[in-house]
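1. this is the structure alone, sequence omitted:
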């Protein structure tokens, strides 16, 4: 049987696994039950398994002939979110698979099951990476560093269920597909005084207000208007009492960019504005900046393989366009090391309700899942054959 036929054959298995994971969600770095099930299933397929240092696992399937190694990745953690669906298999522990990681895990297990039956056709090795803690934004980074999961891997492919994309359709495109997601913390230090005598103090609230406004000039006046950039202040905290000039204000926020060059320029621009604006008001401005996932930029060659794999399975009509997303993915840590491609699988169906990822009413059209397994498997075979 071919990949498409096997995926359809194992559709019920894939759905059953998804429902089990959905009903028993586990948070980042606590995916113990999930990991045990993954290991159990991989071993049942005759696939060599390895538990990662904390949680998560990898499986290695060696083909009949020697060749390169391709990795397929799925994330396995859930969100601290109370589910508000009417599903018979809804979560009841206060956590929820509201980002589709239950689907990713089930689809990759489905792909492993398919590929284990096609072992004699495999020219090389396939590594199945079941990654913990994607929602922390550093899960991929840690297992690369701690567990060396990319050892001998020549290319990697990942996929994400998307709630607002038409069910059972793929979006696979070259170039930037998801934004970087860096975080920052700003501290403005002033001098407290009575609210009736502002001239005797240094008002950290006024200074921080100017900083907030001036930061937006980075986007509007220093970046090419054709380059999408976001600088968001998400929290601002300062002051203890209505009649006291605040001596300190802290702010936290995030930046987003699709270009590595633009992303790398933001910290310096922000540091200059924070410091100089605060000085204008007699205050001190301090910026702490943390680099998190980089922009997700698909490798041209691997994207072509993924596109052709999807068409081979289901024809040209399976592909639909989608705008790039300002959300992020720690899959980029893999792509920093080796060539990679990332696809989206639509699961939105108006009959069951369409909600975006991370919504506590997030719904998945399960009819799409076997196609995700098929694309994982077909990509692996095509990558190894072309290599």
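-> Yep, that arrived. Since the model is a prediction, treat every value here as computed from it, not as a measurement.
2. tell me how far the nearest residue to residue 61 once chain neighbours are set aside lies from residue 207.
-> In this structure, residue 61 finds its nearest non-sequential neighbour in residue 126, 4.5 Å apart by C-beta to C-beta, 6 or more residues apart in numbering. To be clear about C-beta, it is placed using only N, CA and C from the backbone, and glycine gets the same treatment. Going from residue 126 to residue 207 by C-beta to C-beta, to the nearest Å gives 56 Å.
3. go on, residue 179?
-> 29 Å.
4. part of a helix, is residue 207?
-> Yes: per DSSP: H, G, I helix; E, B strand; the rest coil, residue 207 lies within a helix segment.
5. could you report the neighbour count for it?
-> Using other C-beta atoms under 10 Å, residue 207 has 25 neighbouring residues.
6. residue contacts, it?
-> 188, 190, 249, 277-278, 280-283, 285 (C-beta atoms under 8 Å, 6 or more residues apart in numbering).
7. of the residues you listed - the most surrounded one?
-> residue 188 (30 neighbours).
8. which strand residues bridge that residue?
-> On the basis of DSSP bridges, residue 188 takes part in beta bridges with residue 249, residue 285.
9. am I right that it is in contact with residue 239?
-> No: contact between residue 188 and residue 239 fails when scored by C-beta atoms under 8 Å: they sit 11.5 Å apart.
10. just how off-centre is the longest helix seen in the chain within its chain?
-> If you go by DSSP state H, the chain has its longest helix at helix 260-280. Relative to its chain's centre, helix 260-280 lies at 26 Å (C-alpha atoms, centre = their mean, to the nearest Å).
11. list the contacts of that helix.
-> 180, 182, 184, 186, 188-189, 207, 210-211, 214-215, 217-218, 222-224, 227, 229, 231, 255, 257, 284-287, 289, 294-295, 297.
12. which ones among these map onto helices?
-> Per DSSP H, the subset of those in helices is 207, 210-211, 214-215, 217.
13. what's the farthest-apart pair in those?
-> 207 and 217 (16.0 Å; C-beta to C-beta).
14. phi and psi next, for residue 110.
-> phi -60, psi -40 (degrees, to the nearest 10).
15. and it, what pLDDT?
-> Residue 110 is assigned a predicted lDDT (pLDDT) of 99.
16. chain neighbours aside, what residue packs nearest to it?
-> residue 373 (3.2 Å).
17. can you tell me the SS state at the one you found?
-> From three-state DSSP, the assignment for residue 373 is helix.
18. quick check: which element contains residue 341?
-> Taking DSSP states H and E as the criterion, residue 341 maps to strand 340-348.
19. who does that strand pair up with?
-> strand 155-166 (parallel), strand 170-171 (antiparallel).
20. alright, calling it a day.
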